[in-house]
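[1] no FASTA, just this:
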């Protein structure tokens, strides 16, 4: 299968396929005329890569699993464990983002968004004598 056929069949651009090849995710054989020839199994692999990306896996993460896939060394239980680990990672990121959102919302509700909500320290622009920076210039 030539790169154009693979691109059409997979729905990916030729540039994407070349990028995957550059990363070592897929491989082709060069014909005497310089064209890339892909094995029929490459379509299955490309579809796996697309699905994994849609599930939140990076190309680096995908690349670590591809050799095992080609060797047939990945069981359903292995895949389930990888997905469970990714789910736990996503849950941690959601928790961190929720914490960040809560902090931002609390800051917006305060008189000074730059001061932490529980802070009793003066505003960053307030000097030790209670005057504000730039007050002398305004006077």
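    In hand now; what should we look at? What you see is a predicted model, and the numbers here were worked out from it, not measured in a lab. Residues are numbered from 1 along each chain as shown.

[2] Distance check, the residue nearest in space to the middle of the chain against residue 93.
    What sits nearest the mean C-alpha location of the chain, by C-alpha atoms, centre = their mean, is residue 58, with 5.6 Å. According to C-beta to C-beta, to the nearest Å, residue 58 and residue 93 sit 13 Å apart. For every residue, glycine as well, the C-beta is placed using N, CA and C.

[3] likewise residue 115?
    According to C-beta to C-beta, residue 115 stands 27 Å off from residue 93.

[4] So if I had to pick from the two, which one is more boxed in?
    residue 115 (16 against 11; other C-beta atoms under 10 Å).

[5] Give me the mean pLDDT for the top helix by length along the chain.
    In the chain, taking DSSP state H as the definition, the longest helix is helix 76-109. The average pLDDT within helix 76-109 is 92.

[6] For residue 67, see how far away residue 79 is.
    15 Å.

[7] and if you look at residue 48?
    The gap separating residue 48 from residue 67 is 13 Å, by C-beta to C-beta.

[8] cool, and residue 38?
    18 Å.

[9] what do you get for residue 14?
    From residue 14 to residue 67 the distance is 25 Å (C-beta to C-beta).
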